[in-house]
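Undergrad: Just the structure for this:
(one chain, ligands or ions: 1)
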Amino acid sequence: MNIEDLSLELSSVQLPDEQTLEQFRIRFLGSKNVLKDLYAAIKDIPNDQKRAYGQQVNALKERAEQLYHEAKAALTQTQSVGPEEDLTRPAGDPQVGAHHPLSLIRREIIEIFNRIGFVVSEGPEIEDDWHNFSALNFPPEHPARDMQDTFFIQKGEEEIALRTHTSSVQVRVMENQAPPIRTISPGRVYRNEAISARAHCFFHQVEGLYIDKDVSFADLKQTLLYFAQALFGPQTQIRMRPSYFPFTEPSAEVDVSCSLCAAKGCNVCKYTGWLEIMGCGMVDPNVLEACGIDSKTYSGFAFGMGVERIAQLKYRVTDLRLYSENDARFLRQFKPGMA
Ligand code: PHE
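TA: The predicted model follows:
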């Protein structure tokens with residue numbers, strides 16, 4: 001090995017890993033390194049060249065030491081950087097949020113009614129007796145107040161309540177606007193129920209109200225058929241069963257044909273082919289009068305549905321508690337228009 005060969009070798013050496021580095025150390029810096037022969041050969045070099053020769057061999061040695069230390073430092077550094085800290089890695093997918101399933105359903109319901117001219121109205125969740133009950137034809141001490149297990153709060157002399165339905169918002173609309181009125185009121189409502197898979201102490205509603213001259217039960221039926229077909233598909237049928245609400249007369253419960261089994265009968269519709277989705281009826285003249293609307297000139301219909309109930313049918317989520325637990329693994333599954 002002569003100086004030129006070794007110098008060439010050093011100029012192109014690659015030390016990418018521990019093993020190569022160790023071989024390099026043994027070869028250039030170990031106890032039997034290649035430079036030793038060059039040092040030993042000094043005695044055979046003519047005197048006038050000894051100095052220059054010695055300097056070249058020293059330079060080789062220094063270069064080898066420098067390369068060794070640099071490579072060693074680089075390797076130690078790579079090891080201490082864990083995979084999470086590797087700044088050269090491509091970035092992972094950013095975490096993106098998702099809309100809450102109840103928000104998706106609420107938005108879908110609102111869009112369907114927007115198309116036929118219903119506008120959204122909102123009101124307070126903490127209500128007084130008038131807007132939640134009295135204006136809606138619940139006389140004081142009327143047993144119908146027990147239909148909705150109300151959270152009451154004593155505020156000085158006055159008793160206030162968490163609204164049990166968003167019909168309270170519609171009372172506010174009727175008090176403040178002259179007919180024609182076409183409005184829907186989405187919002188959270190509260191009822192004093194033990195929390196289980198099938199009941200919760202709060203849930204969400206969308207209630208609707210239409211008041212004009214000559215509004216009939218046929219208008220109500222057609223509006224709800226249009227809604228049911230827009231939400232559950234064009235083959236959907238509805239049926240109405242007589243019912244009772246203090247604020248509507250006549251009143252009905254609305255069933256839609258089961259979209260899960262094409263009305264053939266399954267465990268969701270309990271083998272009846274029908275699913276109950278809302279209450280409705282013609283606004284009681286007492287309600288119109290209580291809100292300052294002339295019941296001789298105007299008539300109207302109202303309806304109300306639970307958003308959780310619709311979400312349950314569309315997404316087949318049977319445990320109501322999942323909607324308020326905020327488990328990201330549950331919430332991430334829902335996309336607009338997936339059901
Ligand atoms: N407010 C009723 C409820 O919360 C629903 C309803 C609205 C029924 C309008 C009839 C008419 O249960």
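Undergrad: going forward, measure contacts and count neighbours with C-alpha atoms only.
TA: Will do.
Undergrad: who's in contact with the helix or strand of the chain with the lowest mean pLDDT?
TA: In the chain, the helix or strand scored least confidently by mean pLDDT, DSSP states H and E is strand 152-155, which has a mean of 82. By Cα atoms under 8 Å, 6 or more residues apart in numbering, the residues outside strand 152-155 that reach it are Glu159, Ile160, Ala161, Leu162.
Undergrad: one more time with 10 Å, if that's ok
TA: Under the criterion Cα atoms under 10 Å, 6 or more residues apart in numbering, residues Ile126, Glu127, Asp128, Asp129, Glu159, Ile160, Ala161, Leu162, Arg163, Asn192 lie in contact with strand 152-155.
Undergrad: Validate this expectation: the fifth one resides in a strand.
TA: Yes: assigned with DSSP: H, G, I helix; E, B strand; the rest coil, Glu159 falls within a strand.
Undergrad: Excluding chain neighbours, what is closest to it?
TA: Ile153 (5.7 Å; Cα to Cα, 6 or more residues apart in numbering).
Undergrad: In the strand or helix carrying Leu35, which of the residues would be classed as buried?
TA: Remark: Leu35 resides in helix 34-40, with elements defined by DSSP states H and E. Buried residues in helix 34-40, counting neighbours by 16 or more other Cα atoms under 10 Å, are found at Val34, Leu35, Leu38.
Undergrad: Let me know the closest of those residues to Arg239.
TA: Set against Arg239, the nearest of the buried residues of helix 34-40 by Cα to Cα is Val34 (98.4 Å).
Undergrad: Give me the pLDDT for the closest one.
TA: Note for Val34: predicted pLDDT of 89.
Undergrad: Check the gap between it and the ligand for me.
TA: Distance, Val34 to the ligand, by Cα to the nearest ligand atom, to the nearest Å: 94 Å.
Undergrad: In this structure that residue contacts Met1, no?
TA: Yes: the criterion here is Cα atoms under 10 Å, and Val34 meets it with Met1 at 7.5 Å.
Undergrad: what stretches of the stretch 51-200 of the chain score poorly on pLDDT?
TA: Along the stretch 51-200 of the chain, segments meeting pLDDT under 70 span 78-84, 144, 146-148.
Undergrad: Tell me the residue of it that sits nearest the ligand?
TA: His165 (4.5 Å; Cα to the nearest ligand atom).
Undergrad: and that residue, which of the three is it?
TA: coil.
Undergrad: which residues touch whichever residue of the stretch 151-300 of the chain sits closest to the ligand?
TA: At 3.5 Å from the ligand, Cys280 is the closest residue in the stretch 151-300 of the chain, using Cα to the nearest ligand atom. Cys280 makes contact with 207-209, 220-221, 224, 240, 242-245, 247-254, 301-305, according to Cα under 10 Å, 6+ apart.
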